[in-house]
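K.L.:
the following comprises the amino acid sequence and a computationally predicted model.
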Amino acid sequence: MKKLGVIVKEASQDRIKDNLKDSNAVFIVKYSGLSSPDMTSLRQSLKDSRASLFVIKNAVARRALKDAGLESLVKSIEGPCGVIFVKDEPVNTSRALCNFSKGHEQLKIEAGLLEEKLLAASDIQAMAKLPSKEVLRAQVVMALSSPISGLVVTLNQVLAKFVYCIDQIKMKREK
């Protein structure tokens, strides 16, 4: 019969593997020095961006990441770490992390993984500065429609000048 500690570690490892399968991105943070209410606040801000923070023993996290083929993230797991699994947009989660870390210096963003690409802390902070997906879509639509709008305005001006010219000729002949 297995010991309770071994069962808990195996369950945690399986939970990490399941979350890795369902995640678009993974971030590693160090939370040493954060109080329990601060951790609750961090979890709530991550929940709003469809992400979850999972705190686990480093050995279990390393084993789960190695089994999942993510050896590049294993180096980032030192000391009290948390693994953030992003279910939705990584930009929103990185923005929530950066906003939270501004008010809580104890939270340190260590590394991340996005589409099998290792991200440094600076990459995650740069991602937080990106506009949202809706804003980017609007910018693309505006960029695509701008030349067409310019052409329509130009053709309309030519037509308006032609009508104005004919109107002036008509007025001259009436005099």
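P.N.:
Now that the structure is in, tell me what you want to look at. Please read these numbers as outputs of a predicted model, since none were measured by experiment.

K.L.:
burial of I84, as a residue count?
P.N.:
I84 has 26 neighbours, counted by other Cβ atoms under 10 Å. Glycine gets a C-beta too; all of them are placed from N, C-alpha and C.

K.L.:
same check, this time on A25
P.N.:
Neighbours of A25 using other Cβ under 10 Å come to 23.

K.L.:
cool, G112 as well?
P.N.:
Neighbours around G112, by other Cβ under 10 Å: 26.

K.L.:
quick one: mean pLDDT over the lengthiest helix in the chain.
P.N.:
Across the chain, the longest stretch assigned as helix under DSSP state H is helix 133-174. Average pLDDT, helix 133-174: 84.

K.L.:
just how off-centre is that helix within its chain?
P.N.:
Distance of helix 133-174 from the chain centroid (Cα atoms, centre = their mean, to the nearest Å) equals 39 Å.

K.L.:
neighbours of L130, how many?
P.N.:
15.

K.L.:
SS state for it?
P.N.:
The local conformation at L130, judged by DSSP: H, G, I helix; E, B strand; the rest coil, is coil.

K.L.:
could you give the mean pLDDT of stretch 40-47?
P.N.:
Rounded mean pLDDT across stretch 40-47 is 88.
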